[in-house]
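Peer 1: Quick one, structure for this:
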Amino acid sequence: MIDLARSEPGATRRALALDEASELAALSALSAAEYLLGVHLRYRRSKDTLQEKLAQARDHLARFQIIPFTGEVAEVSSAVDAGLTETGARLGLNDLYIAATAIKYGLTLVTRNPRDFGRVPELKVETY
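Peer 2: Presented below is the predicted three-dimensional model:
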């Protein structure tokens, strides 16, 4: 999301390819929250600028289906976390929940951080 908002060429190309293929573009609710947190942290000192940037962020997020964190996702995340704990390769909680969301719904996770997410054997990961 951050790379799309910044018009990073790789992220933009991948988003356009998804649009052209009419593929589902979705975000976990946690990814949306992380994106909005970044806006708040960066612009919180100016209320007017913050409101403007939050409106832009909402426009960016409106292009995606936001997938909630559910009990089913919690079940998947606990199984993934147990497996990663055994290997000593745990993820941070937000990344764990993001990965579990993608696994639960059979989605490919598009990221510029394939190293961390690549530790999850059940997860389909793609980078740009």
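Peer 1: so who does the most centrally placed residue in the chain touch?
Peer 2: Centroid-nearest residue in the chain: residue 31, 3.8 Å away (criterion: CA atoms, centre = their mean). When the contact criterion is CB atoms under 8 Å, 6 or more residues apart in numbering, the partners of residue 31 are 1, 98. To be clear about C-beta, it is placed using only N, CA and C from the backbone, and glycine gets the same treatment.
Peer 1: Would you mind giving me the confidence score for it?
Peer 2: Residue 31 is assigned a predicted lDDT (pLDDT) of 94.
Peer 1: in stretch 121-128, what counts as buried?
Peer 2: The neighbour-count criterion (16 or more other CB atoms under 10 Å) identifies 123, 125, 128 as the buried residues of stretch 121-128.
Peer 1: returning to that earlier point: now do the residue nearest to the centre of the chain against residue 58, distance only.
Peer 2: 14 Å (CB to CB, to the nearest Å).
Peer 1: For residue 77, give me phi and psi.
Peer 2: Dihedral angles phi and psi of residue 77 (degrees, to the nearest 10) take the values phi -60, psi -40.
Peer 1: Generate JSON lines for the buried residues of stretch 121-128, with distance to residue 100 and pLDDT as supplementary columns.
Peer 2: Putting those into JSON lines (distance: CB to CB, whole Å; pLDDT from 0 to 100) gives the following:
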{"residue": "123", "distance to residue 100": "9", "pLDDT": "97"}
{"residue": "125", "distance to residue 100": "13", "pLDDT": "96"}
{"residue": "128", "distance to residue 100": "22", "pLDDT": "82"}
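Peer 1: what's the closest of these to residue 75?
Peer 2: Checking the buried residues of stretch 121-128 against residue 75 with CB to CB, the nearest one is residue 123 at 15.5 Å.
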